[in-house]
Each structure stands twice: as structure tokens, then as C-alpha cells.
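Undergrad: Give me a 3D structure for the following:
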Amino acid sequence: MLRVLFFLLACQSLILATRKILKVPLYSRRNFNGSDVFLAGNSAKGSETLQLLLQSHNNMEYYGTISMGNPRQNFSVIFDTGSSNTWLPSVNCPKSNSACQNHRKYNSSRSSSYIPDGRNFTLRYGSGRVVGYLSKDTMHVAGAELPSLTFGESLFLQHFAFSSVKFDGLVGLGLGVLSWSNTTPFLELLCTKRLVEKCVFSVYIRRDPREIVFGGFDETKFEGKLHYVPVSQWRTWSLEIAKTTVASKQIGGRSNAILDTGTSLVLVPQQTYHNLLNTLSARQQNGYFVVTCRSGSLPNINILIGDTVFPLTPSNYLMEIILDRKPVCVLAIAPINRGFWVLGDIFLRLYYTVFDATEKRIGLAKAK
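TA: As a prediction, the model looks like this:
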């Protein structure tokens, strides 16, 4: 029986290799210390700034494994659809930067395929800042080799954002508009080197085995058919939301939305958020907007994309926290001072997502 199983697995691996499909397992970890801080204008108090302290949904982070250089140096990374650049902590980061010291660090002097670049960079994320310089080396991912990838060697990682996370660095899966000048980002290089059959990747994070598939998608991971919509903004993984309703009330109109594997929550424009709070009869308590924990009495949030509604149920958009020694429920949705949505892991856990760089489209289906 074991021989038969081994033979079947070997055949499956051969088929995947022949079709140039790369499967990267994703691992999850509960980040006990992490929380996301969102600053938003408080419409109830004019121009005063309201600080909302919201934990990531279940404080989960999803990461995969890559290697850099020859011989290989292994790293855990976030595969981030919301950005285009790749970076890893550098062995040259100062000892005073504990966020860097707490992670595995790339050492160029140990790699025979290292190519210096030397340009400085600064990246700013919603949760912190990364500073360093650019280098080139061979990335190894899911059995494939990607030579001469430009990536950042990070000398400074902002402490509060990166000190407690499991992942070491980040691989940007964006279409390139946000990449460093005169560089070819990961996805574009993967496709131009023809290391995958199609310039497509798909994301499944609902339950184990979680994975990203480069070169195609896995039909066993979703129900029904994929609903495709065009990318709404040139060279970014964004789509258009036609409208958003709660019960029979419309809380948001036409808007762009970025699909971002690097963001835990769902972020919405401030007016839409304000409308949502009113519709759900949320009340403010210790800086949080609290709603009832009786999810059965709350309606779905219905997001219309193309001609299909993608609902968020109360069990998806509620988080239980402890305030004044009592459990209360808050939203896994936060406001941003922008005119677009960010559909993070809350949304992506529910819906299998296909990112098609050739056709400039995004496919969505209910994840199994």
C-alpha cells in the first residue's frame, strides 16, 4: 500500500512539474502580541482623530517558505498581493534593531550567486517601515529557481510592527506598478522565465492544507465556478465593488477594492464604515465600537462584485474580545481615510481567489 501511495505521489509530482505548476504550502500562526492600529477621523467629533485598537482576526498570520542564494538560506515570508517588492532581513542590520535580530538574516558573503546593487530603499506599510539596500540573488521557491531577483536587504525593521511576527520577510506578488525602478518584480520574473505554465496564481487560506498555486488553480478547493471580473485599476490587484448592502439598506456605492493577502482585516472608506456602524447599532466602549455577540440577530454584509453577491456573515466579521473583564464583540472591519476598500484575509478566507496576470482579471469562488 505504501508503495502504491508513493507511486501515486510521484506521478502527481511529475504531472505538476511537467505542467509547470508550483504549489507553495502556507502555514498559519497565532500572533499573540500583534495588533493592528488604525487611525481614522471620528465623524462624531469633527476633525478629532479616533484611535481604534483592533487585533487582527484571530491574530493569524499566513506565511510560506522560500530560499535565497547558493547554498540556500531559508526564510519564512508573507506572499503579499498588495505590494510588488521582495525583502529579507540583512545580516548587516545593527544589533540595536531587535526586530531584525529576532529573525533569520540573509548573508550575501555566503552565496556564490549574489550580485550587488547597492541602491537604498525605504518601504512604508500600514503597520510599519522597512529600510535597507538592494541586492540580487537566486530565489528558490517550490522547486523552481528564479535567478537574479532584485530584493531588499533590510537594515531597519520598525519594532512594534515586526518584532513579534513569525515571518522573516515579504515576497510582493503585485503587478509591478509599485516596484523599484529598473527592477523586475517576482511575479513578472517568474512568468518571463517561463517557470510556470500560465501567468496566474491562486490563494486558498480557509483551512489546511493552505496554499498558493503558481501557474494555475485547484478546482478541488472551491465550489461551483469562478466568477471573473476585470482588474479595475491598471497594474494593481483591484476590482470594482458595485454596491454594498446590509439587509435591505445600501451602506456603500461603487468603489474600487484591493485584494491584499498582507492585510488581516477588511478596510472600508470612512463613510461606508459609519453607515455600517449605524445599521448594526454599534455603540462605543473604551475606544471600540461594540455590537451584540448574538450573531444570529445580525444581518450579512452583502458585497456585489460584477453580477455576484459575496456575503460576509456575522461569524466572519465579528471578533470577541475582553473589555472590563467581560466578553464583547467588535467588527473585524476597520475604516481607512481612502476612497477604496482593502479586502484582506477576512474576505480571502471565505473566497478562493485566482489572480490572472495575462488576462488582467480576478476570479472568485466560495472556498471549500
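
Undergrad: All the helices of the stretch 1-150 of the chain, in order from the start?
TA: For the stretch 1-150 of the chain, the helices defined by DSSP state H, counting those that start in this stretch cover 2-18, 98-101.

Undergrad: Any idea which of these has the lowest pLDDT on average?
TA: Out of the helices of the stretch 1-150 of the chain, the stretch the model trusts least by mean pLDDT is helix 2-18, with a mean of 36.

Undergrad: Now do stretch 294-306: distance from first to last residue.
TA: Start and end residues of stretch 294-306 are separated by 31 Å (C-alpha to C-alpha, to the nearest Å).

Undergrad: Please report how far the nearest residue to residue 169 once chain neighbours are set aside lies from residue 242.
TA: For residue 169, ignoring the flanking residues on the chain, the nearest one in space by C-beta to C-beta, 6 or more residues apart in numbering is residue 88 at 3.9 Å. Where C-beta positions appear, they are placed from N, C-alpha and C, glycine not excepted. When C-beta to C-beta, to the nearest Å is applied, the distance between residue 88 and residue 242 equals 40 Å.

Undergrad: cool, residue 228 as well?
TA: Note on residue 228: its distance to residue 242, by C-beta to C-beta, is 15 Å.

Undergrad: Any idea what residue 363 is bridged to?
TA: Taking DSSP bridges as the rule, residue 363 bridges to residue 228, residue 354.

Undergrad: how many other residues sit next to it?
TA: Residues near residue 363, counting by other C-beta atoms under 10 Å, number 20.

Undergrad: do the one 5 residues further on as well
TA: For residue 368, the tally of surrounding residues (other C-beta under 10 Å) stands at 12.

Undergrad: tell me the contacts of the closest residue in space to residue 193 that isn't next to it in sequence?
TA: Here the nearest residue to residue 193 in space, its sequence neighbours aside, is residue 146; by C-beta to C-beta, 6+ apart that works out to 6.7 Å. Residues counted as contacts of residue 146 (C-beta atoms under 8 Å, 6 or more residues apart in numbering) are 138-140, 186, 189-190, 193, 195.

Undergrad: Repeat that for residue 282.
TA: 276, 289-291, 331.

Undergrad: Distance of it relative to residue 332?
TA: Shown here: residue 282 relative to residue 332, a distance of 13 Å by C-beta to C-beta.

Undergrad: And the pLDDT for residue 314?
TA: Residue 314 carries a pLDDT score of 93 in this model.

Undergrad: same check, this time on residue 207
TA: Residue 207 carries a pLDDT score of 89 in this model.

Undergrad: now it: how far from residue 120?
TA: With the distance defined as C-beta to C-beta, residue 207 ends up 41 Å from residue 120.

Undergrad: so what's residue 64 bridging to?
TA: residue 77.

Undergrad: ok, how many other residues are close to residue 353?
TA: By other C-beta under 10 Å, 25 other residues sit near residue 353.

Undergrad: Please name the residues that touch the closest residue to it other than its chain neighbours.
TA: Residue nearest to residue 353 in three dimensions, not counting chain neighbours: residue 203, with 4.9 Å by C-beta to C-beta, 6+ apart. Going by C-beta under 8 Å, 6+ apart, residue 203 touches 79, 81, 212, 261, 348, 352-353, 355.

Undergrad: On the three-state scheme, residue 220 is what?
TA: Applying DSSP: H, G, I helix; E, B strand; the rest coil to residue 220 yields a three-state assignment of helix.

Undergrad: Tell me how far the closest residue in space to it that isn't next to it in sequence lies from residue 62.
TA: The spatially closest residue to residue 220, leaving aside those adjacent along the chain, is residue 368, at 7.3 Å (C-beta to C-beta, 6+ apart). Counting by C-beta to C-beta, the separation of residue 368 from residue 62 is 17 Å.

Undergrad: Over to residue 251?
TA: In this structure, residue 251 and residue 62 are 29 Å apart, going by C-beta to C-beta.

Undergrad: for residue 341, same thing?
TA: 20 Å.

Undergrad: Tell me which of the two has more neighbours.
TA: Residue environment comparison for residue 341 versus residue 62 gives the larger neighbour count to residue 341, 26 against 22, counting by other C-beta under 10 Å.

Undergrad: what sits against the more buried one?
TA: Contacts of residue 341 were listed using C-beta under 8 Å, 6+ apart, and they are 241, 255-258, 266-269, 272.

Undergrad: re the thing from before, most neighbours among the contacts of residue 203, please name it.
TA: Ranked by neighbour count (other C-beta under 10 Å), these have residue 81 at the top, with 28 neighbours.
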